[in-house]
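# give me the fold of what follows.
(chains A and B)
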Number of protein chains: 2
Amino acid sequence: MKFSLVNKDSKSKARAGVLHTSRGLVETPIFMPVGTQGTVKAVPQRILSDEIEAQIILGNTYHLYLRPGTKILEKAGGLHKFMNWEKPVLTDSGGFQVYSLSALRKMKKDGVEFRSHLDGSKHFFSPEKVIEIQRSIGSDIMMVLDECTPYPCEYEYAKKSQILTSEWAWLNKKAFENSTPLYGNEQYLFGIVQGSIYKDLREKSAADLTSIGFDGYAIGGLAVGEPAETMYDIVNFTSDFLPENQPRYLMGVGRPENILECIERGIDMFDCVMPTRNARNAYLFTSEGIVSIRNNSYKDDFTPLDNNCNCYTCRNFSKAYLRHLFTAKEILAYELASIHNLTFYLNLVKQARKAILENNYTDWKNSIINKISQKENELKEE
Amino acid sequence: MKFSLVNKDSKSKARAGVLHTSRGLVETPIFMPVGTQGTVKAVPQRILSDEIEAQIILGNTYHLYLRPGTKILEKAGGLHKFMNWEKPVLTDSGGFQVYSLSALRKMKKDGVEFRSHLDGSKHFFSPEKVIEIQRSIGSDIMMVLDECTPYPCEYEYAKKSQILTSEWAWLNKKAFENSTPLYGNEQYLFGIVQGSIYKDLREKSAADLTSIGFDGYAIGGLAVGEPAETMYDIVNFTSDFLPENQPRYLMGVGRPENILECIERGIDMFDCVMPTRNARNAYLFTSEGIVSIRNNSYKDDFTPLDNNCNCYTCRNFSKAYLRHLFTAKEILAYELASIHNLTFYLNLVKQARKAILENNYTDWKNSIINKISQKENELKEE
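Okay, the predicted model is just below:
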């Protein structure tokens, strides 16, 4: 995969780059909205591309495999055609959902057995199987099957797991090389560095994976309950062992401040359900901090949610109207809130990129984070 | 209210006209999507106006009065500003919801006492009160408070109720004349003809209301469980007693074939929750009859829902994708289905208007209805 580094910030590890895929370019650092089941929840595809300006979205292999299933996806000509989305898609390997959603999972040497959370049916994911599924999906970036360790995690378990993940990584790579895309577009494969919070394991994992060789490298097993400072420390440590000229992806992260801190530590790609899930729960990200829009104080506040936001929601509707829609449980509430939160995230990484291009990343980042925390402190004092 | 009759079909009572409001023109016959609580469920305003080409929508006074309430609507500058909808709005009087939704309602000589279905709080709607509320809402067309009789309904009760409705109509008119719009736009007032299925009562009601004088006339108390043929007969009978140069509105109707039959009998305006409610229940109207999109047979049907439809949903997505979204309970399902069903209804009245302008209404109507019933018979035989 071609990844062009456009600029490295002179005072931090932050990078601005461009991912080249056969479905177009992706400017990094980038946030990828999560489209679990072939839709970014509550947001029509046209708004996702034209209004929110999402450049790449994430699909969940576990969910897509169970429903609609690979047979239907193949008949449709892949996920892109099925959901009518022309820009790039990255799919996870399904491993994380197997660990977090499915019942009765059994780790085995050659894969993981699990029961569907939908109907209890039995399934088996191996490195070979998840490559095959992602070929059926036709995602532009595929991920290897790994084991995501929980937090806290004993050193011995983390070590055993890291070794297994490296073995699987090699099997994933072999399956990748022995198969071809079904729909004409190029598909790339990213490895996933594991090792919990143990630096020696992270270093070993990074060494194993880079010696196998992937198109990009993810850092997995973080944002699973550890303190933010620990996450930042592990990210900072690990990114030094990843090739500079390839993309780095921190899986499942996170809050706006987490993303900004990890860009500073050398990460290029992020995904998280937070903007869409929080939106559906009426928690809205703004340039002045979180707004809990159900709050009674907004009932006659006819100003936009965020004066610094130009999204469809902020251009057209007031806080009072949004509060009314949430109070009345109207479906439109979820769409308008999701549009806003995703726009906020996409704007954030766009501004981050600009600051990197201006060699001013850390100052910019500090000003944003200070503003958010100052406003949140003011709100707490009120 | 200015209502221009553009053409009367030469072989039926169907009419093509134009309603003039201070928020723009409405070409009749017209279907009004129902926006109960300040939103047409699951459809963003921009899509409603630009894609579906809704020319006027309906708001429910009962719901808007309870939530967000008139105080907030007034502070917002009226419903239009609150929900950011620039085209005309018609509001009902709230009476129908009082009868159908609220607990412990008590009919009194001067109005109706009821408890909110939301919190049990006690309220009172009188002819004066519903005019006051609709002034706060700022709707372009307001409706009088009436009593909507159930079906079946004893003659004596229907007669008593018709007399009450006429008395209230007069009080509504007086309250209307003694008040003014709050936001600068013109507001008009429609009367409602009642009388259940009794022709003498319908004739009397029409005579009472036209002698009071309104900007337009609705036929209420139909589509409440009576056979379709009875409804058609009462509509046909009643419309002869309504002024030709004023708009006629059949409340709460209905299925596509009901609308077409009643256009033929001289009706200009319709509203119904059916297109949006059916959409959320996965029942989709097409030029080839109803499609129940959850049906297993659509799981690998990658054709559009309706080849004769040019809506956002049909232009971009397949039956298989829609079925997947409904199966996975994704919010996008409700939006895409609602967009399609509303487009179907708006196209239907647009085509009806064209047929009237071509003096070919009945032939056109018969061809549409025959096609729908033929396809539905074929499906039943399969």
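# most centrally placed residue in chain A?
residue A:271 (1.3 Å; C-alpha atoms, centre = their mean).
# could you report the neighbour count for whichever residue of the stretch 1-150 of chain A sits closest to chain B?
At 4.1 Å from chain B, residue A:42 is the closest residue in the stretch 1-150 of chain A, using C-beta to the nearest C-beta. To be clear about C-beta, it is placed using only N, CA and C from the backbone, and glycine gets the same treatment. Residue A:42: 25 surrounding residues under other C-beta atoms under 10 Å in any protein chain shown.
# what's the pLDDT at the residue nearest to the centre of chain A?
Turning to residue A:271, the model gives it a pLDDT of 98.
# what sits against it?
Going by C-beta atoms under 8 Å, 6 or more residues apart in numbering or on different chains, residue A:271 touches A:31, A:32, A:33, A:34, A:58, A:90, A:249, A:251, A:252, A:253.
# that older thread, does the residue of the stretch 1-150 of chain A closest to chain B really touch residue B:329, like I thought?
No. With contact defined as C-beta atoms under 8 Å, residue A:42 does not reach residue B:329; the gap is 11.8 Å.
# what parts of the stretch 151-300 of chain A come near chain B?
Residues of the stretch 151-300 of chain A lying near chain B by C-beta under 8 Å from any C-beta of the partner chain: A:299, A:300.
# all strands of the stretch 151-300 of chain A, in order?
Counting by DSSP state E, counting those that start in this stretch, the stretch 151-300 of chain A has strands at residues A:188-193, A:216-219, A:248-250, A:269-271, A:283-286, A:289-292.
# just put these in TSV and tack on distance to residue A:49.
Output for the strands of the stretch 151-300 of chain A, formatted as TSV (distance: least, C-beta to C-beta, whole Å):
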stretch	distance to residue A:49
strand A:188-193	21
strand A:216-219	23
strand A:248-250	21
strand A:269-271	17
strand A:283-286	21
strand A:289-292	26
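# mind checking which of those strands is nearest residue B:237?
Of all these, strand A:283-286 sits nearest to residue B:237, with 54.3 Å by C-beta to C-beta.
# ok, and what's touching that closest one?
With C-beta under 8 Å, 6+ apart, strand A:283-286 has contacts from A:256, A:275, A:278, A:290-293, A:305-306, A:308-309, A:322, A:337, A:340-341, A:344-345.
# what about burial for those residues, which qualify?
A:256, A:275, A:278, A:290-291, A:293, A:305-306, A:309, A:322, A:337, A:340-341, A:344-345 (16 or more other C-beta atoms under 10 Å in any protein chain shown).
# any idea which of the residues you listed the model trusts least?
Within these, residue A:290 has the lowest pLDDT, namely 93.
# specify the beta-bridge partners of it.
For residue A:290, the beta-bridge assignment (DSSP bridges) gives partners residue A:285.
# ok, it - contacts?
Going by C-beta under 8 Å, 6+ apart, residue A:290 touches A:283, A:284, A:376.
# how near is the first one to residue A:277?
Plainly put, residue A:283 is 9 Å away from residue A:277 if you go by C-beta to C-beta, to the nearest Å.
# same question, the last one
As defined by C-beta to C-beta, residue A:376 lies at a distance of 20 Å from residue A:277.
# how's chain A carved up into domains?
Per automatic domain parsing, the structural domains of chain A span A:3-272, A:279-370.
# span of the last one from start to end?
The distance separating the two terminal residues of domain A:279-370, taken as C-alpha to C-alpha, to the nearest Å, comes to 23 Å.
# quick check: buried residues in whichever strand or helix holds residue A:340?
Here residue A:340 sits within helix A:331-357, counting by DSSP states H and E. For helix A:331-357, burial by neighbour count (16+ other C-beta under 10 Å) applies to A:331-349, A:352-353, A:355-356.
# restrict the residues you listed to those near chain B?
Within the buried residues of helix A:331-357, those near chain B by C-beta under 8 Å from any C-beta are A:331, A:332, A:334, A:335, A:336.
# still on that earlier bit, would you reformat the contacts of residue A:271 as CSV and include pLDDT, neighbour count and distance to residue A:372?
Converted to CSV, the contacts of residue A:271 look like this (pLDDT from 0 to 100; neighbours: other C-beta atoms under 10 Å in any protein chain shown; distance: C-beta to C-beta, whole Å):
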residue, pLDDT, neighbour count, distance to residue A:372
A:31, 98, 28, 16
A:32, 98, 25, 22
A:33, 98, 24, 21
A:34, 98, 21, 22
A:58, 98, 25, 25
A:90, 98, 25, 27
A:249, 98, 23, 24
A:251, 98, 25, 23
A:252, 97, 21, 21
A:253, 97, 23, 16
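# reformat these as a markdown table; add distance to residue B:198.
Supplementary listing: those in a markdown table, determined by distance: C-beta to C-beta, whole Å:
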| residue | distance to residue B:198 |
| --- | --- |
| A:31 | 65 |
| A:32 | 65 |
| A:33 | 59 |
| A:34 | 60 |
| A:58 | 63 |
| A:90 | 67 |
| A:249 | 73 |
| A:251 | 70 |
| A:252 | 67 |
| A:253 | 70 |
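# and residue B:65, which of the domains of chain A is closest to it?
Set against residue B:65 and scored by C-beta to C-beta, the domains of chain A come closest in domain A:279-370, at 13.0 Å.
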